[in-house]
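**Q** Next come a sequence and a model predicted from it.
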Amino acid sequence: MSSSTQSDSHLDALIIGAGFAGLYQLHSLRDRLGMRAQVLEAGDGVGGTWYWNRYPGARCDSESHSYMFYFDERLVQGWEWSQRYPGQPEILRYLNFVTDTLDLRRDITFNARVNGAEWDEANRLWHVRTEDGRQISARYLVSAVGCLSSANLPQIAGLEDFQGDWYHTGQWPHEGVDFTGKRVGVIGTGATGIQAIPVIAQTAAQVTVFQRTANYSIPARNQPLTPEFKREIKENATEIYATMRKATNGHAFLIDDRLAVATPEEDRQEIYDKAWEVGGLRFRAVFKDILVDQAANDTAADYIKDKIRQMVKDPKKAEVLADIDHPFAAKRPPIDTNYFDVYNRDNVGLVDLRATPIERITQAGIRTSDQEHPLDIIVFATGFDAMTGGLFKLNITGSGGRKLKDYWYAGPRTNLGLQVPGFPNLFTITGPGSPSVLCNLPPQIEQHVEWITECLKTMQAKGADRIETTEDAAEQWGEEVERAARATLLFGVKHSWYLGANVPGKPRVFMPYAGGFDRYQKICDQVAADGYKGFAIS
Ligand code: N01
């Protein structure tokens, strides 16, 4: 590694993005390894996902005590969540608290959107450009842009003609949107739409939901946290974090060891009833075969579909909502507050896009194959160009002029989701091929940041300053990612964004690692123990 004196014209490390990942990476490289490290952030504040996603009802689906950092006592003992699931403003306050507690702000440049990064082999440096013309060089480049930062706005003809206002949930105006008395159309019923629709319906004159694929949802059962619970969290922080690190999905609970198919029907019903009352993502953890055995999954799916039919009073709406064509939790399972109930309100309508597809957007609203729906506002809750979209926007060019976009033309190719062949000294936190979106993100981010930090520390000790994963290692890891996905019911859902299916022209490759966070960490640890096998270090 180069000596890091203040007179060097380059940084040791440049990190892109000031969300959970970028903040911890800055702290660990600067304060643990003594590197000259900085963050470039496109927004004018920290927060990442939670800076941009300010739509009504935006709230985390992970329980608050598992949606935080555990690496520093000050961050655990000095913070208190107010509710079972933290809302977007509270998470933003938390990330500002992290920033200030660790004194990170002085090394973050805001309003600096990266639009180019080139590897310079002769000098072993990354040269990075921002939209407003800044140029910064660094030995190491770390992408902390997140998995869901590139909004997916569907190309529907006529949007430019629309006389009303329209918004994408992932780029929500900071001043908010006043829906009072408005006719609002919401396209999309994923985790975001399901959070937003009940809140919008409280003030809008009329909400029309345009549903393409019906979706499961479990009641979140959000509630304020009691003083006793808050105290227990602080007292048991070590145990809670240990559970998160050994859990398949990084949550503070484990998947139960029993099988749905081996449980008598009456008992199974009772287990589902209890889980429904507890609410949240814990529902899918009550049997260990739900995600791997169609027969087991059917028991959960049928249970939820019955609940939908009971909750929604209008039988026609209930049928459209319960007509779900994929296994439960094989797409990201949303959790909700009053989602299905909202369809009992007089001011909420449902359009089944499978029966009557959108033809175009008009001046006055959305025209489907059978009628025009007049609207004042359209909300696109249509998700993201997930996992690869945010990385492509950086316009990264590696060694020998290799462009990331070209190299990944047939789908992402990484080793462990951490490095890409041909892109030396670039690390991708929660990159494609890592558990990422299948995992509660803060512990997965902690694990990635710590792995990268340990790796660079080892290199420092050896006097090395170049690391690049090999083609062979990426090939083998790609096979493991596919094997792991094929072993689950997730692989079979053809319209899932896990496979890139929501973006026209995107290659259909299963992107996150479905083998479990627990297993993944062991693999990463073994790679490090074997002297970073699969990575060429010099
Ligand atoms: O996006 P999505 P999201 N015409 O892609 C529909 C995370 N998250 O923003 O299923 C009509 O899941 C699309 O339909 P279909 C979480 O990981 C986290 O809701 O493709 N409809 C679908 O209904 C989540 O998974 C939290 O047929 C169109 C919807 O839009 C991820 O973000 C909270 C369409 C998009 O659903 C993304 O969720 C919220 C078109 N042309 C979200 N294009 C936390 O708690 C798309 N759709 C942390």
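**A** Yes, it's here. Numbering: from 1, shown residues only.

**Q** Looking at the protein, which strand is longest?
**A** Counting residues, the longest strand found in the chain (DSSP state E) is strand 135-143.

**Q** So what's the gap between that one and the chain middle?
**A** Computed by Cα atoms, centre = their mean, to the nearest Å, the chain-centroid distance of strand 135-143 equals 24 Å.

**Q** got a pLDDT number for whatever residue of the stretch 351-500 of the chain ends up closest to the ligand?
**A** Closest residue of the stretch 351-500 of the chain to the ligand, Cβ to the nearest ligand atom: residue 383 (2.4 Å). All C-beta atoms are positioned from the backbone trio N, CA, C, and that covers glycine. pLDDT for residue 383: 97.

**Q** Do me a favour and get the end-to-end distance for stretch 134-149?
**A** End-to-end distance for stretch 134-149, by Cα to Cα, to the nearest Å: 22 Å.

**Q** sorry, back to before: how many neighbours does the residue of the stretch 351-500 of the chain closest to the ligand have?
**A** Neighbour count of residue 383, defined by other Cβ atoms under 10 Å: 24.

**Q** ok, it touching residue 502?
**A** Yes. Using Cβ atoms under 8 Å, residue 383 is in contact with residue 502, at 5.6 Å.

**Q** quick one: common contacting residues for those two?
**A** Applying Cβ atoms under 8 Å, 6 or more residues apart in numbering, one finds that residue 383 and residue 502 are jointly contacted by residue 152.

**Q** How is residue 423 assigned, secondary-structure-wise?
**A** coil (DSSP: H, G, I helix; E, B strand; the rest coil).

**Q** and the residue nearest to it when sequence neighbours are not counted, what is it in contact with?
**A** With sequence-adjacent residues excluded and distances taken as Cβ to Cβ, 6 or more residues apart in numbering, residue 423 is closest to residue 398, at 3.8 Å. The contact partners of residue 398, by Cβ under 8 Å, 6+ apart, come to 119, 404, 407, 420, 422-424, 426.

**Q** Please repeat the previous calculation with a cut-off of 7 Å.
**A** Residue 398 sits next to 119, 422-423 when contact means Cβ atoms under 7 Å, 6 or more residues apart in numbering.

**Q** before we move on, what about residue 110?
**A** By Cβ under 7 Å, 6+ apart, the contact set of residue 110 is 41, 43-45.

**Q** Quick check: the gap between it and residue 17.
**A** 12 Å (Cβ to Cβ, to the nearest Å).

**Q** Give me the common contacts of these two.
**A** residue 41.

**Q** on that earlier part again, can I get the contacts of residue 110 in a markdown table with secondary structure and distance to residue 328?
**A** Conversion of the contacts of residue 110 to a markdown table gives the following (DSSP: H, G, I helix; E, B strand; the rest coil; distance: Cβ to Cβ, whole Å):
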| residue | secondary structure | distance to residue 328 |
| --- | --- | --- |
| 41 | coil | 37 |
| 43 | coil | 35 |
| 44 | coil | 40 |
| 45 | coil | 37 |
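
**Q** top of the residues you listed by neighbour count?
**A** So for the contacts of residue 110 (other Cβ under 10 Å), the most neighbours sit at residue 41, 26 neighbours.

**Q** what's the pLDDT at it?
**A** pLDDT, residue 41: 98.

**Q** if we can go back for a sec, helices or strands next to the longest strand of the chain in the packing?
**A** strand 11-16, strand 125-130, strand 426-428 (3 or more Cβ pairs under 7 Å, 6 or more residues apart in numbering; DSSP states H and E).

**Q** export those strands to CSV and tack on mean neighbour count?
**A** Converted to CSV, the helices and strands packed on strand 135-143 look like this (neighbours: other Cβ atoms under 10 Å):
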stretch, mean neighbour count
strand 11-16, 26
strand 125-130, 21
strand 426-428, 27
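
**Q** who wins for proximity to residue 321 among the ones you listed?
**A** strand 426-428 (37.4 Å; Cβ to Cβ).

**Q** quick one: contacts of that closest one?
**A** Residues contacting strand 426-428 (Cβ under 7 Å, 6+ apart): 141-143, 391, 396, 414, 417-420, 452.

**Q** what pairs with residue 434 across the strands?
**A** residue 432 (DSSP bridges).

**Q** in the longest helix seen in the chain, what's buried?
**A** Counting residues, the longest helix in the chain under DSSP state H turns out to be helix 441-462. Using 16 or more other Cβ atoms under 10 Å as the test for burial, helix 441-462 gives 441-457, 459-460.

**Q** Next: stretch 25-38.
**A** 25-30, 33, 35-38.

**Q** thought residue 420 was touching residue 414?
**A** Yes. If you go by Cβ atoms under 7 Å, residue 420 and residue 414 touch, sitting 5.3 Å apart.

**Q** Averaged pLDDT, stretch 194-205. What do you get?
**A** 98.

**Q** quick one: it to chain centroid distance?
**A** 23 Å.

**Q** Use 166 as the first number from now on
**A** In the new count, where the first residue is 166, that last one comes out as stretch 359-370.

**Q** show me what contacts residue 324?
**A** By Cβ under 7 Å, 6+ apart, residue 324 lies in contact with 331, 526.

**Q** Provide a list of residues in contact with residue 497.
**A** residue 356.

**Q** where does it fall, helix, sheet strand or coil?
**A** Relying on three-state DSSP, one would call residue 497 coil.

**Q** Please apply the same query to residue 220.
**A** coil.

**Q** quick one: low-confidence parts of this protein?
**A** Within the chain, the ranges that satisfy pLDDT under 70 run 166-173.

**Q** domains in it, as residue ranges please.
**A** Following automatic domain parsing, the chain resolves into domains at 171-315+551-702, 351-545.

**Q** who wins for proximity to the ligand among those?
**A** The nearest among these, by Cβ to the nearest ligand atom, is domain 351-545 at 2.3 Å.

**Q** does any bit of that closest one sit next to the ligand?
**A** Yes. Using Cβ under 6 Å from any ligand atom, domain 351-545 comes into contact with the ligand via 352-358, 360, 375, 377-378, 497, 518.

**Q** Most neighbours of all those, which one?
**A** Neighbour-wise, the residues of domain 351-545 next to the ligand (other Cβ under 10 Å) top out at residue 360, 30 neighbours.

**Q** Quick check: chain neighbours aside, which residue is closest to that residue?
**A** residue 222 (4.0 Å).

**Q** How about residue 314?
**A** residue 555 (4.1 Å).

**Q** And the one you found, how close does it get to residue 308?
**A** From residue 555 to residue 308 the distance is 8 Å (Cβ to Cβ).

**Q** Same drill for these two, tell me which one is more crowded.
**A** residue 308 (25 against 21).

**Q** what separates that one from residue 443, distance-wise?
**A** 37 Å.

**Q** So between residue 585 and residue 579, which is more surrounded?
**A** Taking other Cβ under 10 Å, residue 585 and residue 579 do not tie; residue 585 has more neighbours (27 against 24).

**Q** Quick one: residues contacting the more buried one.
**A** With Cβ under 7 Å, 6+ apart, residue 585 has these contacts: 569, 578-579, 591, 593, 634.

**Q** Flag every residue of the stretch 566-703 of the chain that's near the ligand.
**A** Near the ligand, when you scan the stretch 566-703 of the chain using Cβ under 6 Å from any ligand atom, you find 602, 660, 662, 667.

**Q** Is it correct that the third one is in contact with residue 551?
**A** Yes. With contact taken as Cβ under 7 Å, residue 662 and residue 551 are classed as touching, separated by 5.0 Å.

**Q** Between the two, which has more neighbouring residues?
**A** Neighbours per residue, other Cβ under 10 Å: of residue 662 and residue 551, the larger number sits with residue 551, 27 against 22.

**Q** This completes my enquiry, with thanks.
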